[in-house]
Structures are given as C-alpha cells and as structure tokens.
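Colleague: Predicted model, plus sequence, below.
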Number of protein chains: 2
Amino acid sequence: MSRAETYAEPLAPRAREVVAAGLDAEAVVTLFGRCEVDYEGRASSYLGPGDRLVVLKPDGTLLVHKREQRTPVNWQPPGCDHHAELVDGQLQVVSDRSNPDEHVEILFEEIHALVRYDAEDVEELELTGTEEDLRQRILDDPSLVEAGFEAEETEYQTDAGAADIVGTDAEGHTVVVELKRRRVGPKAVGQLKRYVDAVRRTEDEAARGILVAPSVTDTAHELLDEEGLEFVSLEP
Amino acid sequence: MSRAETYAEPLAPRAREVVAAGLDAEAVVTLFGRCEVDYEGRASSYLGPGDRLVVLKPDGTLLVHKREQRTPVNWQPPGCDHHAELVDGQLQVVSDRSNPDEHVEILFEEIHALVRYDAEDVEELELTGTEEDLRQRILDDPSLVEAGFEAEETEYQTDAGAADIVGTDAEGHTVVVELKRRRVGPKAVGQLKRYVDAVRRTEDEAARGILVAPSVTDTAHELLDEEGLEFVSLEP
DNA sequence: ACATGCATTTCGCAT
DNA sequence: ATGCGAAGTGCATGT
C-alpha cells in the first residue's frame, strides 16, 4: 500500500469517511476544494467561497491556504481537535481548542481532490545563522564587542527582563550588550535601554549599553545618542 | 476538465513536466514526497530526508511542511522564481529570490502524490477584533480611557516612532496612549516609554502615558510604576 | 526600496 | 500554565 492515497472529485460522504479515517490514523489530510471559512476566537473572521488548500496535521494543526501569500488565510495551531461531519450533504471540517477558546469551521461546496498522506519523518531541521550563533561567536572572541571587553553572563536577569550578555570593559565598568542578527530600529534601542536602566538602578550607576547588530536605522541611531548608548557593527 | 488533477506515484520525469506546466499556468502545485531540503539566505539550514508536503503558489510562495507545526519547516515568501528540474533522474524543485538573496532546493527521493490545482478565488478575508477596531472604539468613546480624555491624533509621529493615540486629559495635559489587544509584558511598556519620552522632550514636559490593554504582567506593572506610567484595563 | 509596528503572530525555553 | 523574547518572522502602510 502506498503512503499517499489520492481521491479525485470525491463525493462528500466518501470524503468525510476518508478525512475521519485519516485523522484517526494520524495521517496528514489535504483537501482541495471550494469552501467558506468561519473563525471565532482571539479575533473573528469570515472568508467567502473560493478554491483553497486545507491541511489537517496529526498534531492538531489546521491550515487554510489561498492562492497567494505565505501566511495561511485561516489556521489553528497544534493541539486542536479536528472533526469532519456532513451538514446538509456537504463536508464540514471543524477545528476546536481551548485556552484560548478558538473555533474554525470550513464548509465545502465542492471537493476537487483529497489526499491522505501517511508521512514518515524523523529528521529535524538544522539551522545556523541565528542570534544564538552570533552570541557564541562573541563569547569565543569578546573583542568583537570592543578591546578589553570580558563577557561574564548570558541571559542576565534584570528587573526588566533578560539581557543577552553582561560583562565588564577595560576600566571595569559594567557593560550590557543587546545582540541582533539583523538591522535594527528603535525597538531594539528601547529594549537595551530597559536593561541598562535596570542595571543602573540596581548594580552599577555607570553601566554602559552597547547594541551589537549589522546596522541601525537613522531613528535608532538618534535614539542611541539621545540615551547615551553605543552601537557596534557586527555582521552575522 | 476538473479544477484539480491528481497524480499518484508519478515518475520523476512526468512529475517535472506536471510541476513545470502547473507553475506556467499559475496553478497551485502540491507535492507529497520524501525529500531533503537545503536553504541558504538570511540564515542557512539543512533538512534530511523525510515525507513532506510541498506547496508552490502562483505568487511565488513556497511552503515545505512536516507532519507537525503550524509554521513551515522551510519556505520562501511571495515573489520567488520556482523551477523544476531533473537531477540524476530525481525531481529537484528550486526557489530563488533576491533582496535578500535566498535560495531553497528540494530534492525528491520519492514522489507519493502530486496535485495541480487551478484554484479560483476572489473572496478576501473579513477580519474583526484587531487593534484597529479597538482604536475605533476609543475614538468613538474616549471616556473608555478616562473621564475627560479627548483624542486628538492617531498614529501621532514622535521622534521615536508613531504613538497610537495622542490627546488631552481634563486638565489639558498631553496624554500618550499605547493600545494593545492582548495582555502585555515589559516590551509594551518600553514602547510607551519611548513615545512619552519623545513627547516630553519636544512638546509637553508633563505629558502622561497610558497603556490600554486587557491586562499586564507583574513585571510590566512594576515597570509602569517605575516610569510613572499608567494602565487602563480594556477588553478587546 | 526602506522604516515602522501589528499579528488569531508561532515557537522554544525557563519559571 | 504563564512569562519572555527570537524569528530566515510575514505583512500592510507610509515615506
């Protein structure tokens, strides 16, 4: 038996059976059809009839995709309960969860195709080039921040949240480092400011703050000056 | 002719033809197969062989989904160029873009199913319950912020970014309002602080700052106190 | 094209 | 469970 079973133009009762059995067997179930979608939860939405791709994953994820966009037009995160019912002879797929209460209903006017995919997958993604990698580079060579800098703690807990790296400069003053893997705007400056303020209040009144990133926007640069904070350029 | 054409266990050459023709005709092309995925761009990743769902959209979106998670394990945003080639007799799907340069390669060891979906879809999502809706409610009834509050500008430009609402209180003092549709943490306090600081520097030294949200975390509450900022609870 | 901020953000990790 | 911050965030909007 193949890992994928495809059904072209299935009738609603048959589709309901296949979807229900697929969910039960922890398969990935994919529907191609003309449907409308109702969502009620953290927000509310209605999507009128059109042809979409609907994916039901065994972990309780629901995806509804239009022809465009990377982001699904409607969805449900992992952990939801999926059900397939017949309503007035049409296939209705329902996804529910609690905390927060969220509910998605998909009603199919037409089902153009249906695939049950018993996917086997053990490999996990290996990803490099993250902020974590950048931090490791700095720990390996603290002079990337400045000559004489010594890193002392990562994820250093302040009253205002965790600072990426805290250490001391050549003169022994506390230095708070905020790390970003890409060009940053005012948001990152505010974040650094929060941590530096907290350290200044509780630890070292003369603590310095350094934003380490590939580059900063004009506004961010002005804010840094305004707040007496520093910037060090570092490519990821 | 049906809107969806399904192919079970297609051979690689045939699959390449169908994928190429589907891309050309602006169809949504979906592959179910065992593949490995290489990504090189803002970061880098490798995903070893496993059964996945691959979606190619006519707007240049690429999605690679594992059995789990709402987020695709690899992807490409709209605007990319997709190509299907045969490499050593195997189907290879490539997606490219520039600015930033990003490149995804998917090599299929097995193709379990393939669907070409000529989807028609004109309806757009109608969404309510956003921050925008919350803002409109406050503009309609400014007393939701506090008695005597009058809203004067939305998206008010400060040196540190745009404040959601700026107005005056019963005593004529400037009030900066930061709006959130859900429970907020220290980040939102920092954001409000940035705007209030900017207004205090340039407009009104005695400007007040009010965070309007359903609730705040303990840390956020302490930070608000620390900075002399206020909180008003408002359900979305 | 860049800057800015929301998002039904999702996700992982720590408490 | 909640808090917190990163993400290859995506995305719309304004400049």
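Modeller: Yep, that arrived. Residues are numbered from 1 along each chain as shown, chains lettered A, B, ... in the order given.
Colleague: Got the phi and psi for the closest residue to A:Cys35 other than its chain neighbours?
Modeller: Among residues not flanking A:Cys35 along the chain, A:Phe108 sits closest, at 4.6 Å (C-beta to C-beta, 6 or more residues apart in numbering or on different chains). Every C-beta, even on glycine, is put in place using the N, C-alpha and C of the backbone. Here is the backbone geometry of A:Phe108 (degrees, to the nearest 10): phi -100, psi 120.
Colleague: give me the number of residues near A:Phe108?
Modeller: 25 (other C-beta atoms under 10 Å in any protein chain shown).
Colleague: Name the residues that touch stretch A:220-232?
Modeller: Applying C-beta atoms under 8 Å, 6 or more residues apart in numbering or on different chains, the set of residues contacting stretch A:220-232 from outside is A:144-146, A:184-186, A:188-190, A:192-193, A:196, A:208-213, A:216, B:159-160, B:194.
Colleague: Try it again at 10 Å.
Modeller: Contact with stretch A:220-232 is made by A:138, A:144-146, A:149, A:175-178, A:183-190, A:192-193, A:196-197, A:208-213, A:215-217, B:159-161, B:194, B:197-198, B:201, as judged by C-beta atoms under 10 Å, 6 or more residues apart in numbering or on different chains.
Colleague: How about it and DNA strand C, any contact?
Modeller: Yes: judged by C-beta under 7 Å from any atom of the strand, stretch A:220-232 and DNA strand C are in contact via A:Ala220.
Colleague: same question, stretch A:91-99
Modeller: No: interface with DNA strand C: stretch A:91-99 contributes nothing (C-beta under 7 Å from any atom of the strand), its closest point being 9.2 Å away.
Colleague: So for that stretch, what gets flagged as buried?
Modeller: A:91-97 (16 or more other C-beta atoms under 10 Å in any protein chain shown).
Colleague: for stretch A:180-196, same thing?
Modeller: Buried, per 16+ other C-beta under 10 Å, within stretch A:180-196: A:180-181, A:184, A:186-196.
Colleague: Could you export those residues to TSV, including columns for secondary structure, pLDDT and distance to chain B?
Modeller: As requested, the buried residues of stretch A:180-196 are exported to TSV (DSSP: H, G, I helix; E, B strand; the rest coil; pLDDT from 0 to 100; distance: C-beta to the nearest C-beta, whole Å):
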residue	secondary structure	pLDDT	distance to chain B
A:Lys180	coil	98	13
A:Arg181	coil	97	8
A:Val184	strand	97	13
A:Pro186	helix	97	5
A:Lys187	helix	96	7
A:Ala188	helix	97	10
A:Val189	helix	97	8
A:Gly190	helix	96	4
A:Gln191	helix	97	6
A:Leu192	helix	97	10
A:Lys193	helix	96	7
A:Arg194	helix	96	5
A:Tyr195	helix	97	10
A:Val196	helix	97	12
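Colleague: near DNA strand D, from the residues you listed?
Modeller: A:180-181, A:191.
Colleague: What is the nearest of these to DNA strand C?
Modeller: A:Gln191 (11.3 Å; C-beta to the nearest atom of the strand).
Colleague: Chain neighbours aside, what residue packs nearest to that closest one?
Modeller: Per C-beta to C-beta, 6+ apart, closest to A:Gln191 is A:Glu178, 6.0 Å.
Colleague: Now for the one you found, which secondary structure element holds it?
Modeller: Taking DSSP states H and E as the criterion, the element that holds A:Glu178 is strand A:174-179.
Colleague: Each with direction, which strands does that strand pair with?
Modeller: strand A:161-168 (antiparallel), strand A:208-213 (parallel) (DSSP bridges).
Colleague: how far does the last one sit from the chain's center?
Modeller: Distance of strand A:208-213 from the chain centroid (C-alpha atoms, centre = their mean, to the nearest Å) equals 25 Å.
Colleague: when you scan that strand, is anything in it near DNA strand C?
Modeller: No: against DNA strand C, strand A:208-213 shows no contacts by C-beta under 7 Å from any atom of the strand, the least distance being 11.7 Å.
Colleague: could you point out which element follows that strand?
Modeller: helix A:218-227.
Colleague: I'd say A:Gln31 and A:Ala12 touch.
Modeller: That one is not Gln; residue A:31 is Leu. No: using C-beta atoms under 10 Å, A:Leu31 makes no contact with A:Ala12, being 11.2 Å away.
Colleague: what residues go with each domain of chain A?
Modeller: For chain A, the domain assignment from automatic domain parsing gives the residue ranges A:4-117, A:131-233.
Colleague: Ok, which of those comes nearest B:Ala27?
Modeller: Among the domains of chain A, the nearest to B:Ala27 by C-beta to C-beta is domain A:4-117 (8.9 Å).
Colleague: With respect to B:Asp24, which of the ones next to DNA strand D among the buried residues of stretch A:180-196 is nearest?
Modeller: A:Arg181 (36.9 Å).
Colleague: Phi, psi for that closest one please.
Modeller: Backbone torsions of A:Arg181, given as degrees, to the nearest 10, read phi -90, psi -10.
Colleague: re earlier: in TSV, list the domains of chain A along with distance to B:Glu102.
Modeller: Output for the domains of chain A, formatted as TSV (distance: least, C-beta to C-beta, whole Å):
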stretch	distance to B:Glu102
domain A:4-117	12
domain A:131-233	13
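Colleague: And the pLDDT at A:Thr174?
Modeller: Looking at A:Thr174, its pLDDT is 97.
Colleague: partners of it in the sheet?
Modeller: Under the criterion used (DSSP bridges), A:Thr174 bridges to A:Thr168.
Colleague: next one: A:Arg52
Modeller: Under the criterion used (DSSP bridges), A:Arg52 bridges to A:Gly33.
Colleague: That one: what's it in contact with?
Modeller: When contacts are taken as C-beta under 10 Å, 6+ apart, A:Arg52 is in contact with A:31-37, A:63-67, A:72-74, A:106, A:108, B:28, B:117, B:119, B:121, B:123.
Colleague: Filter the residues you listed down to the buried ones.
Modeller: Using 16+ other C-beta under 10 Å, the buried ones in the contacts of A:Arg52 are A:31-37, A:63-67, A:72-74, A:106, A:108, B:28, B:117, B:119, B:121.
Colleague: Could you list which of those residues also contact DNA strand C?
Modeller: Okay, of the buried ones among the contacts of A:Arg52 touching DNA strand C (C-beta under 7 Å from any atom of the strand), that's A:Asn74.
Colleague: Tell me how many other residues crowd A:Ala12.
Modeller: 20.
Colleague: do you know how far the closest residue to it other than its chain neighbours is from A:Pro10?
Modeller: Nearest non-adjacent residue to A:Ala12, counting by C-beta to C-beta, 6+ apart: A:Leu91, 4.6 Å away. Using C-beta to C-beta, to the nearest Å, A:Leu91 is found at 9 Å from A:Pro10.
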